[in-house]
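*Asks:* Need coordinates for the following:
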Amino acid sequence: MSHSLAAPAHHELVIKKSRFIACIEPVTGREQAQARVAQLKAEHPDAAHVCWALLAGGQSAANDDGEPGGTAGRPMLEVLRHQHLEGVMASVVRYFGGVKLGAGGLVRAYTDAVAQALLTAEKIPLIQQVQLTCSVPYALEGLVRRELTLVQAELHEVTHGSLVTLRFAMPDHRAADLVERLNESGRGQLGWGA
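*Replies:* Residues are numbered from 1 along each chain as shown. A predicted model of the protein is given here:
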């Protein structure tokens, strides 16, 4: 099961006089991630690098921001993947301390900074949602609304025509039970659509 984060989490490492300031935070996609990177660069104008990795909305990205290729963004992305995260961005601001760490040292530093920040992060499960549309006679609208409230479905739209059409979203794992219960209660008078 995939998870996201309830709130940003931070961690700072100092390795051979270089400071690595990690932040793991929820984001909706690449546009929000890039805006956050721009903000970090403005907040840390003297930093040598602002590296980042993203898993959100079916997209992934990794950026080394001038570090040797594959030593920062990719290792950070692998930590996010290993933790089964979605809708999350990892960023690490590096202040260079004058001592080169080498490729292996950089990979360890960026990986460890992100992993340590994730230790304090509150992870929340992402529940797959399904969209359903149900058409019912007016006499059954109240019944359907009560059932939707019981399963905590999110009602998006109700239209009144010759029938009442309700469009709603709910957790995927509960949908089959609700449809079966409503079909029984409605005695075949409900219509389902996409």
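*Asks:* how far is stretch 17-26 from where the chain is centred?
*Replies:* With Cα atoms, centre = their mean, to the nearest Å as the basis, stretch 17-26 stands 19 Å off its chain's centre.
*Asks:* now do stretch 73-81
*Replies:* Counting by Cα atoms, centre = their mean, stretch 73-81 is centred 15 Å from the centre of its parent chain.
*Asks:* do the same with stretch 31-39
*Replies:* 15 Å.
*Asks:* Would you mark the buried spots in that stretch?
*Replies:* Q32, A33, Q34, R36, V37 (16 or more other Cβ atoms under 10 Å). No exception for glycine: its C-beta is placed from N, CA and C like everyone else's.
*Asks:* and which of the residues you listed is nearest to L182?
*Replies:* The closest of the buried residues of stretch 31-39 to L182 turns out to be Q32 (Cβ to Cβ; 37.6 Å).
*Asks:* number of nearby residues for E141?
*Replies:* E141: 17 surrounding residues under other Cβ atoms under 10 Å.
*Asks:* scratch that, V93 is what I was asking about
*Replies:* V93, neighbours per other Cβ under 10 Å, totals 24.
*Asks:* same question, G161
*Replies:* G161: 7 neighbours (other Cβ under 10 Å).
*Asks:* one step back: present the buried residues of stretch 31-39 as CSV; the columns should include secondary structure and distance to H11.
*Replies:* Below are the buried residues of stretch 31-39 laid out as CSV (DSSP: H, G, I helix; E, B strand; the rest coil; distance: Cβ to Cβ, whole Å):
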residue, secondary structure, distance to H11
Q32, helix, 21
A33, helix, 19
Q34, helix, 22
R36, helix, 17
V37, helix, 18
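*Asks:* Give the buried residues for stretch 164-171.
*Replies:* Buried, per 16+ other Cβ under 10 Å, within stretch 164-171: V164, T165, L166, F168, M170.
*Asks:* Which of those fall in strands?
*Replies:* Mapping the buried residues of stretch 164-171 onto strands (DSSP state E) picks out V164, T165, L166, F168, M170.
*Asks:* Who are the contact partners of the third one?
*Replies:* Going by Cβ atoms under 8 Å, 6 or more residues apart in numbering, L166 touches T133, C134, S135, V136, E141, V144, R145, L148, L155, E157, V158.
*Asks:* pLDDT below threshold where in the protein?
*Replies:* For the chain, applying pLDDT under 70 flags the ranges 1, 194.
*Asks:* from the middle of its chain, how far away would stretch 78-86 be?
*Replies:* 11 Å.
*Asks:* what's the first-to-last distance across that stretch?
*Replies:* 12 Å (Cα to Cα, to the nearest Å).
*Asks:* cool, and stretch 134-141?
*Replies:* End-to-end distance (Cα to Cα), stretch 134-141: 10 Å.
*Asks:* Need the residues that contact it.
*Replies:* Contact with stretch 134-141 is made by 143-144, 160, 163-166, 168, 182, 185-186, 189-193, as judged by Cβ under 8 Å, 6+ apart.
*Asks:* Tell me the one among these nearest to M76.
*Replies:* F168 (37.9 Å).
*Asks:* List the beta-bridge partners for the closest one.
*Replies:* With DSSP bridges as the criterion, F168 is bridged to L132, L155.
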